[in-house]
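Peer 1: Return atomic coordinates for the entry below.
(2 chains)
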Amino acid sequence: MQAIKVRLAVAYAALGVAALAVAMLTQEFPPLRDWAPFAVVAFLTVYHAVEVNDHLTASPAAMIFLATAVAFGAGHAALGAAAISAVSPVTKSDIAERRIALSVINWGQTVVAAVMAGFVLEPFFPDGAWSQRDFPLVAVGAMLASMVYHLVNWGLVSFAVRVVYRKREVRPWSRMGSILQSTVVMGFVGGLLGATYHLVPVALPLIFALFGVGYLAFSSLSELREAQEATLRGFIKALEAKDLYTRGHTERVAYFSQLIAERMNYRGTRLERVRWAALIHDVGKLAVPRDLIRKRGPLEDEEYLQLQTHAHVVEDLLAEVEFLRPMVEIASGHHSRFDGGGYGGTGHAHGTAPSQEARILAVADAFDAMTSTRSYRVALSQEFAFQELRSNAGTQFDPEVVEALVQSVVESGERYGSPNLGSEQDARYIAEGKFR
Amino acid sequence: MLAIAFIGIGRSESSLVSVTVAGILIAAAALVTVPASSGNRFSLALAAATAVPLLIGPIFDFGGAVGAVAVGFLSGWIVLKLFGSAEHLITANSDFLRQSFGAFLFAAAYVVLAHAAGMVVGSASANLIGAVGAALVWFAFETVAWALFTYDRVSRRYLIKLAVEDWPVAFSLFAVGALFAYVLPELGWWAPVVALLPYSFAHLAFYRSHSARVTYSQTIRSLARIPEVAGLSPDGHSDRTAELAVAVATDLGLNPDEVRMVEYAARLHDIGRITLNELNIIKVGFTDDDIARWGAEIISEAPYLTEVAALVRQQHDPYRRPGERKDPDLPIPSKIIKAASAYDHATSELGFSALEALEVLHRGAAYDYDPDVVEGIRHIVMTR
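Peer 2: Residues are numbered from 1 along each chain as shown, chains lettered A, B, ... in the order given. Coordinates of the predicted model:
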């Protein structure tokens, strides 16, 4: 694979150099005092890429490239932007992980994309001096150029991925809708900022300073988000670790829930919400006396009641965190049946149907419960679990969710549970040492 | 303020219409606020109040600038009284007065500084110097005034440190105001778009990171209360200990970052008690040190809280053992938590009065407890 990567890197580098050469032959380099500040800003943004929101994970490098291309104006756009993209393709993680071939590939595709975008912009520039009447046209041009930039970029990326990893489907394509949206917005903003530079050069440092301050706040935000998730996960893990039989349960249920939700076309916040709900779905158990959880044999009525009230108290506690409230609602609904029976959690009356998110969680939870070893029986086989889920589909479980789980587990090629254990009774006997 | 507005407009060289329009702009901007990390909220009127003196120039038109700010804040105040309950508004009169006065100060400082600078350099640079200088004057005023008048019984020094951390928000408001003023004459109707696009990015960032910060501390609080709702540790102990510990930490002059650590560690100091529902542990018995150890183990699973875990681990280490020198490496937050937890235990569990509880701490001072921390608690409890 390394050889292919190197060959691809050489090819992309050649492509990038060729694109630069074409730009150099047809255009003039912008004045250095214009070019240098833009280059510094572009380098910094690419180097410190942060996650802006669920849809916009890329650095706003494209926006900066477009702003610079527009700011350099007719006869300079493609070469100026390409020269900037040529000096700023390194990210922090690339350096940390020494991905040299990947960096070169990236360099090539970014330069080619920048040159193409620059040439697309060219016809939209005004002939003489700039005025505010040119703004709409330039903005439209910049949006088009932004689309070209992204198309070229992703075309080259998916080609590289196909060659190196021999995978047909490339992930970014499946999210084309949201990418297109942010591309257009970035193009619009970049075009406006570049055009502003022609009329009021002083404005640009102020604009970049504003973006910079926002950038700082966003990077502290993503750190906080990570801290939030890591903290909750860490606590759950630490508390679970004390119990041999539920160890890893939460993480696995979160994984299965995510598989199902992705198959059912959940994206962004909705997907996150399901994953979070899975992470906290068992938190109520933390407050329950441990011997009750581990008890062999059925619970007595009083113990069952105790289990429920404890679970509710902790759920109420987590629901005080506003961010977690929707997740707690999902998590507390996961014990109710598809047809409306069973005991629910906080604010969940008997007879109401659970939300789709809760139904996903219910299936993921049941699947992991069957395919992992518990105190009273060993793990059952995956086939048995599928069969059990299917036979209860329509009453206890949502048939659509069950099918989504079965398909995605089978497709992933992963296997869970004991290889050939197809009976609940056998599993109990083995656990009690009565079998064989 | 009405008088100031009249005098300002009367002496102004600008037209009554432009001053009134500028005032209304300020009032409209006052409807939006942006949260800062200290808990203060900045009104967008500040951005408008920055733009107005820069725009209304000629730079020596003191009356026009100050008059517009006065009109703006007067109408802003009327709006405030009409829709005062909305969440995004500045609701407290004191906050509103402070920010109004700050805007005056800004306009006045701008005119004076730009005038002074104009005698030395050209008018374009003088404008810039005036704006930057006035922004600094404003920020100094806001910081000190907020620290003095917002919270009772919290160390002023600490509040000032906290308020200084708000600089990115203040900076972005000034920057967008100045940006708008610079681009308006050239870009016309495109000016609001060009100014508001980068600002809205920053605004969103401030808003989101504020709510993430709130969420994070709420999460810590909820997790800390799990042993309490499970009946494994006394109800409300973590909240009360955290409150006292934070008060002492600010009183002792710790930095905002350190105070945050104190808060998290104080809230979570008893999390180790969650293990007390295991039958074998109850049978064998446990010591305070076990609780600290288990707590630190649980907390250290969260990668961002390793510092807190270390503080929790040392929460029961005495200040000095008899016959030994004191341990210079024992962190102050741990010492604060030890004393604050003991104080709350005495008042809430043992039924001691505040004085009796202080007596307990005094008797343990210099051995169990750090004398400085005990003095801090005494100060907090006595001034409460």
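Peer 1: what's the neighbour count on residue B:322?
Peer 2: 6 (other C-beta atoms under 10 Å in any protein chain shown). Quick note: C-beta positions are derived from backbone N, CA and C, even for glycine.
Peer 1: you'd agree it is in a helix?
Peer 2: No. Residue B:322 is assigned coil when assessed by DSSP: H, G, I helix; E, B strand; the rest coil, not a helix.
Peer 1: for it, phi and psi?
Peer 2: phi -50, psi 130 (degrees, to the nearest 10).
Peer 1: Leaving out the residues flanking it, which one is nearest to it?
Peer 2: Nearest residue to residue B:322, sequence neighbours excluded (C-beta to C-beta, 6 or more residues apart in numbering or on different chains): residue B:367, at 6.6 Å.
Peer 1: Hmm, residue B:319 and that neighbour touching each other?
Peer 2: Yes. If you go by C-beta atoms under 8 Å, residue B:367 and residue B:319 touch, sitting 6.4 Å apart.
Peer 1: quick one: which of these two has more around it?
Peer 2: It is residue B:319, of residue B:367 and residue B:319, that has more neighbours when counted by other C-beta under 10 Å, with 22 against 13.
Peer 1: Next, work out how far apart the nearest residue to that one once chain neighbours are set aside and residue B:263 are.
Peer 2: In this structure, residue B:319 finds its nearest non-sequential neighbour in residue B:370, 4.7 Å apart by C-beta to C-beta, 6+ apart. Distance from residue B:370 to residue B:263, counting by C-beta to C-beta, to the nearest Å: 18 Å.
Peer 1: Please apply the same query to residue B:45.
Peer 2: Taking C-beta to C-beta, one finds residue B:45 at 32 Å from residue B:263.
Peer 1: Those two: who's more crowded?
Peer 2: residue B:45 (29 against 20).
Peer 1: On the pLDDT front, check that one for me.
Peer 2: pLDDT, residue B:45: 78.
Peer 1: now it: how far from residue B:284?
Peer 2: Residue B:45 is 64 Å from residue B:284, by C-beta to C-beta.
Peer 1: next one: residue A:411
Peer 2: Applying C-beta to C-beta to residue A:411 and residue B:284 gives a distance of 49 Å.
Peer 1: And residue A:251, how close does it get to residue B:82?
Peer 2: 53 Å.
Peer 1: Residue B:339: what secondary structure?
Peer 2: helix.
Peer 1: What of residue A:415?
Peer 2: Going by three-state DSSP, the state assigned to residue A:415 is coil.
Peer 1: And it, how far from residue A:427?
Peer 2: Per C-beta to C-beta, residue A:415 is found 17 Å from residue A:427.
Peer 1: cool, and residue A:10?
Peer 2: In terms of C-beta to C-beta, residue A:10 sits 57 Å off from residue A:427.
Peer 1: neighbour count winner among these two?
Peer 2: Under the criterion of other C-beta under 10 Å, the comparison of residue A:10 against residue A:427 puts residue A:427 first, with 24 against 14.
Peer 1: Verify the contact between the more buried one and residue A:388 for me.
Peer 2: No. Between residue A:427 and residue A:388 there is no contact under C-beta under 8 Å: 11.9 Å.
Peer 1: Okay, buried residues for stretch B:202-218 please.
Peer 2: Residues of stretch B:202-218 classed as buried: B:202-210, B:212-213, B:215-216, B:218 (neighbour count, 16 or more other C-beta atoms under 10 Å in any protein chain shown).
Peer 1: What segments of the stretch 1-150 of chain B are helices?
Peer 2: Ranges of helices in the stretch 1-150 of chain B, per DSSP state H, counting those that start in this stretch, are B:2-11, B:16-29, B:45-56, B:62-82, B:93-118, B:123-149.
Peer 1: Buried deepest among these, which one?
Peer 2: Most buried of the helices of the stretch 1-150 of chain B, by mean neighbour count (mean count of other C-beta atoms under 10 Å in any protein chain shown): helix B:45-56, with a mean of 28.
Peer 1: Give me every residue in the stretch 51-200 of chain B lying close to chain A.
Peer 2: B:168, B:171-172, B:175-176, B:178-179, B:182-183, B:186-190, B:193-194, B:197-199 (C-beta under 8 Å from any C-beta of the partner chain).
Peer 1: Residue of the stretch 51-200 of chain A nearest chain B, please.
Peer 2: residue A:199 (4.3 Å; C-beta to the nearest C-beta).
Peer 1: ok, that residue - how many residues close by?
Peer 2: Residue A:199: 20 neighbours (other C-beta under 10 Å).
Peer 1: Setting aside sequence neighbours, what's the nearest residue to it?
Peer 2: Nearest to residue A:199 is residue B:186, by C-beta to C-beta, 6+ apart, at 4.3 Å.
Peer 1: now the residue nearest to residue B:319: how far from chain A?
Peer 2: Note on residue B:370: its distance to chain A, by C-beta to the nearest C-beta, to the nearest Å, is 29 Å.
Peer 1: quick one: contacts for that residue?
Peer 2: Shown in contact with residue B:370 (C-beta atoms under 8 Å, 6 or more residues apart in numbering or on different chains): B:319, B:332, B:335, B:339.
Peer 1: Check residue A:213 too.
Peer 2: Applying C-beta under 8 Å, 6+ apart, the residues contacting residue A:213 are B:168, B:171-172, B:175, B:202, B:205.
Peer 1: how about 7 Å then?
Peer 2: B:168, B:171-172, B:202 (C-beta atoms under 7 Å, 6 or more residues apart in numbering or on different chains).
Peer 1: Same question for residue B:27.
Peer 2: So residue B:27 contacts B:72, B:75-76, B:79 (C-beta under 7 Å, 6+ apart).
Peer 1: repeat that for 10 Å
Peer 2: Residues counted as contacts of residue B:27 (C-beta atoms under 10 Å, 6 or more residues apart in numbering or on different chains) are B:45, B:48, B:71-80.
Peer 1: Tell me the spacing between the closest residue to residue B:19 other than its chain neighbours and chain A.
Peer 2: In this structure, residue B:19 finds its nearest non-sequential neighbour in residue B:68, 4.8 Å apart by C-beta to C-beta, 6+ apart. For residue B:68, the distance to chain A (C-beta to the nearest C-beta) stands at 22 Å.
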